[in-house]
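Engineer: Here's a sequence, model it:
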Amino acid sequence: TEAEEAAEFYTSVFDNSRILEVTRYGPDGPGPEGRVITVSFELVGREYVALNGGPQSAFTEAVSFQVPCTSQDEVDKYWTALSDGGEEGRCGWVKDRFGLSWQVMPTVLPELLGGQDTARSQRAMQAMLQMKKLDIAALQRAYDGA
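Structural biologist: Numbers count the residues shown, from 1 in each chain. Down below sits the predicted model:
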């Protein structure tokens, strides 16, 4: 029942985002007249549709959205916004107040975890496994062996 509220929240978190359309039940619909069915919205140029699917349509971690972040300020911004009223997970994962899972990931992470030097990458991996919100400087220090 929270599709409209969720879409409004998501479009407030991400720049260049907006609500496109809200559809509601009419007088002959299977739900109460005026109740939201779907909300079409755009997040940073990508279109999504939120559906009020009822309790049988719960979110799981099988579906998550990745938020690529080029700086620690971006990691902090999105982590703070998405975890507000939600649940912080490990390794950059956060579940928002609506139950949707997000991966707040520094864009440098693949380089740190998949570098040619496996010892360095393993140090970065071990550091990441100890974190909730990812700390780019700490990951880099672990990678560098500092």
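
Engineer: hey, let's count contacts and neighbours off CA atoms from now on
Structural biologist: Fine.

Engineer: For the residue nearest to the spatial centre of the chain, grab phi and psi.
Structural biologist: When C-alpha atoms, centre = their mean is applied to the chain, the residue found nearest the centroid is residue 102 (2.6 Å). Residue 102 adopts backbone torsions of phi -130, psi 150, taken as degrees, to the nearest 10.

Engineer: Where do the helices of this structure begin and end?
Structural biologist: Taking DSSP state H as the criterion, the chain contains helices spanning 3-13, 72-83, 109-113, 118-129, 136-144.

Engineer: any idea how far residue 105 is from residue 93?
Structural biologist: 9 Å (C-alpha to C-alpha, to the nearest Å).

Engineer: Let me fix that, I meant to ask about residue 62.
Structural biologist: From residue 62 to residue 93 the distance is 12 Å (C-alpha to C-alpha).

Engineer: more crowded one of the two?
Structural biologist: Neighbours were counted for residue 62 and for residue 93 using other C-alpha atoms under 10 Å; residue 93 has more, 24 against 6.

Engineer: Quick check: closest non-adjacent residue to that one.
Structural biologist: Excluding the flanking residues, the one nearest residue 93 by C-alpha to C-alpha, 6 or more residues apart in numbering is residue 103, at 4.5 Å.

Engineer: Wait, that neighbour touches residue 94, no?
Structural biologist: Yes. Applying C-alpha atoms under 8 Å, one finds residue 103 in contact with residue 94, separated by 6.5 Å.

Engineer: Which one's more surrounded, those two?
Structural biologist: Neighbour tally, residue 103 and residue 94, criterion other C-alpha under 10 Å: the higher count belongs to residue 94, 27 against 20.

Engineer: what are the bridge partners for that one, then?
Structural biologist: Going by DSSP bridges, residue 94 is paired in beta bridges with residue 88, residue 102.

Engineer: so it makes contact with residue 81?
Structural biologist: No. At 10.2 Å, residue 94 does not count as touching residue 81 under the criterion of C-alpha under 8 Å.
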